[in-house]
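[1] here are the coordinates; sequence isn't available:
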């Protein structure tokens, strides 16, 4: 009879220790591979203290830099919500510099000195600002950043260790970030090559707000355009700044949205297929989210601040001898923008909408707005 395999001594030798025998040596093992310690990533401080649109333009740089450095960003509080979606690896410190106010810029006692003193103890390896601004350069210096990069102006090179050559004066603001990237060995794509995701929705998002009143196209004209688009069968969602909401409600726009947070604005953009609005942060954010914007420019130069979308359209306002005026208009009203009539933009706007959304398939509800233009051939109401 064949002995079962489980009891065969040849297969299972007796390894029990007997009295008087030495303890068996442990089996040989492969030598442990000791990996060299990885060098810690260098700490990079980025200063971008201005508007939402400026942060959107800086986003490709922030994304690229966060892959190589431990990045800390000094920016206004809404940068936290923006970063949660676009650059989650970046540490954001809220910083409202007094010189970013429209009036009374140099009340330096309002400067967040506690934040400055706390961050100065970090001794960042590198720091930079892509703005041509001596105040940012001074801030990098007072924060005790070891290596400070910037475009010198008004002898601000005294605060910098690396003085970079500024791009051409007519260059888009994004080119400043590309120059910063080259200085750090980061290759950013040219603006026309930035890949935009496909628009996620079918709505037309009309946003009538802006950072300053001189950048706002008259609300009556937005209402006329929105009503006419609805008359053609398109779904239009009106959004505005909180201080404009009562105006829209008085005109029957019961579905108007007045987002107060970046996350609320992103919810509207995610439903949109095209965007119509002023030279503003929402236009830049829509473009970067893949929604083609039709942007109305007034006191600023579109060559500097065009939203970064390959199918976006910038409508240039009327000429003015003081343009760009940095929003400090010398006239009772910004005629560079108020002089733009509905009749002027309508043909281009309609081509833009049809090119991106096609023809509407059915007449949707009017979203609470009176349908003043049920006839697509009705004339514009001018103001």
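    Here it is on my side, so go on. What you see is a predicted model, and the numbers here were worked out from it, not measured in a lab.
[2] Please count neighbours and contacts with C-alpha atoms only from this point.
    OK.
[3] before we move on, what SS does the nearest residue to residue 286 once chain neighbours are set aside have?
    Of all residues not flanking residue 286 in the chain, residue 269 sits nearest, at 6.0 Å (C-alpha to C-alpha, 6 or more residues apart in numbering). Here residue 269 is helix, with the state taken from DSSP: H, G, I helix; E, B strand; the rest coil.
[4] Distance check, residue 269 against residue 137.
    35 Å (C-alpha to C-alpha, to the nearest Å).
[5] what's the answer for residue 156, then?
    For residue 156 relative to residue 137 (C-alpha to C-alpha), the value is 7 Å.
[6] Equivalent analysis for residue 66, please.
    As defined by C-alpha to C-alpha, residue 66 lies at a distance of 21 Å from residue 137.
[7] what about those two, which has more around it?
    When neighbours are counted by other C-alpha atoms under 10 Å, residue 66 and residue 137 differ, and residue 137 comes out ahead with 28 against 18.
[8] Quick check: buried residues in the helix or strand encompassing that one?
    Assigned by DSSP states H and E, residue 137 belongs to helix 134-142. Neighbour-count burial for helix 134-142, counted by 16 or more other C-alpha atoms under 10 Å, picks out 134-141.
[9] Now do that helix: distance to the chain's middle.
    23 Å (C-alpha atoms, centre = their mean, to the nearest Å).
[10] which other helices and strands contact that helix?
    For helix 134-142, the elements it packs on are strand 126-128, strand 147-150, judged by 3 or more C-alpha pairs under 8 Å, 6 or more residues apart in numbering; DSSP states H and E.
[11] Show me what the residue nearest to residue 147 when sequence neighbours are not counted bridges to in the sheet.
    Leaving aside its sequence neighbours, residue 147 sits nearest to residue 126 (C-alpha to C-alpha, 6+ apart; 4.7 Å). Taking DSSP bridges as the rule, residue 126 bridges to residue 44, residue 147.
[12] and residue 126, how many neighbours?
    21.
[13] dump the residue contacts of it.
    42-45, 145-149 (C-alpha atoms under 8 Å, 6 or more residues apart in numbering).
[14] Would you mind giving me the ChimeraX syntax to select the buried ones in the residues you listed?
    Selection of buried members from the contacts of residue 126 for ChimeraX, criterion 16+ other C-alpha under 10 Å:
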select :43,44,45,145,147,148,149
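[15] possible to save the contacts of residue 126 as JSON lines with pLDDT and distance to residue 110?
    Formatted as JSON lines, those follow (pLDDT from 0 to 100; distance: C-alpha to C-alpha, whole Å):
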{"residue": "42", "pLDDT": "95", "distance to residue 110": "31"}
{"residue": "43", "pLDDT": "96", "distance to residue 110": "27"}
{"residue": "44", "pLDDT": "98", "distance to residue 110": "26"}
{"residue": "45", "pLDDT": "97", "distance to residue 110": "22"}
{"residue": "145", "pLDDT": "97", "distance to residue 110": "22"}
{"residue": "146", "pLDDT": "96", "distance to residue 110": "26"}
{"residue": "147", "pLDDT": "97", "distance to residue 110": "27"}
{"residue": "148", "pLDDT": "97", "distance to residue 110": "25"}
{"residue": "149", "pLDDT": "97", "distance to residue 110": "26"}
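[16] Can you tell me which of the contacts of residue 126 is nearest residue 182?
    Set against residue 182, the nearest of these by C-alpha to C-alpha is residue 149 (11.7 Å).
[17] I figured that closest one hits residue 157, correct?
    No - in this structure, residue 149 is not within contact of residue 157 by C-alpha atoms under 8 Å, at 9.5 Å.
[18] and for the two, which residues touch both?
    Taking C-alpha under 8 Å, 6+ apart as the criterion, residue 149 and residue 157 both touch residue 163.
[19] Show me which residues of the longest helix along the chain are buried.
    Using DSSP state H, we find that the single longest helix of the chain is helix 342-357. Buried residues in helix 342-357, counted by 16+ other C-alpha under 10 Å: 342, 349, 352-353, 357.
[20] And for stretch 313-323?
    Of the residues in stretch 313-323, 313-318, 323 count as buried by neighbour count, 16+ other C-alpha under 10 Å.
[21] could I get those residues as JSON lines with distance to residue 275 and pLDDT?
    Listed next are the buried residues of stretch 313-323 as JSON lines, based on distance: C-alpha to C-alpha, whole Å; pLDDT from 0 to 100:
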{"residue": "313", "distance to residue 275": "10", "pLDDT": "96"}
{"residue": "314", "distance to residue 275": "12", "pLDDT": "97"}
{"residue": "315", "distance to residue 275": "13", "pLDDT": "97"}
{"residue": "316", "distance to residue 275": "16", "pLDDT": "95"}
{"residue": "317", "distance to residue 275": "18", "pLDDT": "93"}
{"residue": "318", "distance to residue 275": "22", "pLDDT": "95"}
{"residue": "323", "distance to residue 275": "25", "pLDDT": "92"}
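[22] Nearest to residue 337 among the residues you listed?
    Nearest to residue 337 out of the buried residues of stretch 313-323 is residue 317 (C-alpha to C-alpha; 5.3 Å).
[23] Contacts only, for the residue nearest in space to the middle of the chain.
    Among the residues of the chain, the one closest to the centroid is residue 56, at 1.9 Å (C-alpha atoms, centre = their mean). Contact analysis of residue 56 by C-alpha under 8 Å, 6+ apart lists 281, 284-285, 288.
[24] What's the end-to-end length of stretch 63-77?
    Termini of stretch 63-77 sit 19 Å apart (C-alpha to C-alpha).
[25] And residue 146, how far from residue 180?
    In terms of C-alpha to C-alpha, residue 146 sits 17 Å off from residue 180.
[26] Near residue 166, how many other residues are there?
    Around residue 166 there are 18 residues (other C-alpha under 10 Å).
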